[in-house]
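In: sequence first, then the predicted structure:
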Amino acid sequence: MRMSCAEHLAKEPTVALLTPLLCVQDVGILEYRAPSLAAELLSAAYRGNRDTAAVLDVACGTGLVSSELHNMGFRNFFGVDGSHAMLDIAKRKGLYKELKQCMLGMEPLPVQAGSFDAVVTVGALSAGNVPVAVVKELWQVAKPGGYVCITTRGDVDNLKYRTELENTFDSMVQDALWVQVDVREVEQWERAVSNKEAEHIPGVVYLYRKSSD
């Protein structure tokens, strides 16, 4: 199994403390497109005031997703990540109103339920990393009518996890907790690092909107 930089950091926080700058460089080397693709999907659907929209960036890392969203007019960011080192880099970008440390799947999200117009998590939900159960937490912290944007890998190693993830999504749709807004499958998600893989591995971006009360 291979993991992206963001996924490796979430699984091994001690490594994140030792090698944050290396992983920032890896994003470019691996042609990691997930942050820009997630931002594009959310931006295309969002119709509210971007200056005031509260955006929660979960597993924010160094702030790649919020940087993309900032370029699209969003201004009000809150970040959560498991690594102090990543949060320090994110803080220096000056985009976030607040940053908090939290290990997803091990600790509850340190934010109030129903507080955010958009919740985004990129690179965290995949096999051997964050449990699928975290999806319910992401839903809980979104406002009624708020958006939840999630990514996962589309390679064979992640197939079982992706199936469980999509089953959870579908169950939440059936329970009228949210509605699906868009799904985008991308063949060139990031450059592969194994000779056993194609040049790029695929990925998926999901966008849901929480049902209004």
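Out: That came through fine.

In: what pLDDT, on average, does stretch 44-51 get?
Out: Averaged across stretch 44-51, the pLDDT comes to 97.

In: swap in stretch 76-83?
Out: If you average the pLDDT over stretch 76-83, you get 97.

In: identify the residues contacting it?
Out: 9-10, 13, 16-17, 20, 51-61, 63, 66, 69-70, 87, 90, 95-104, 109-111, 116 (Cβ atoms under 8 Å, 6 or more residues apart in numbering). Quick note: C-beta positions are derived from backbone N, CA and C, even for glycine.

In: among those residues, which ones are buried?
Out: The neighbour-count test (16 or more other Cβ atoms under 10 Å) applied to the contacts of stretch 76-83 identifies 9-10, 13, 16, 20, 53-61, 63, 66, 69-70, 87, 90, 95-96, 99, 102, 104, 109, 111, 116 as buried.

In: how many other residues sit next to Q112?
Out: Summarising burial for Q112: neighbours were counted as other Cβ atoms under 10 Å, giving 9.

In: my bad, S43
Out: S43 is surrounded by 17 other residues when neighbours are defined as other Cβ under 10 Å.

In: element containing it, please.
Out: For S43, the host element (DSSP states H and E) is helix 34-45.

In: output the contacting helices and strands for whichever helix or strand comes after that helix.
Out: Moving toward the C-terminus from helix 34-45, the first helix or strand encountered (DSSP H and E) is strand 54-58. Counting contacts by 3 or more Cβ pairs under 8 Å, 6 or more residues apart in numbering; DSSP states H and E, strand 54-58 is packed against helix 64-71, strand 76-81, strand 116-121.

In: for the chain, what's the longest helix?
Out: helix 159-174 (DSSP state H).
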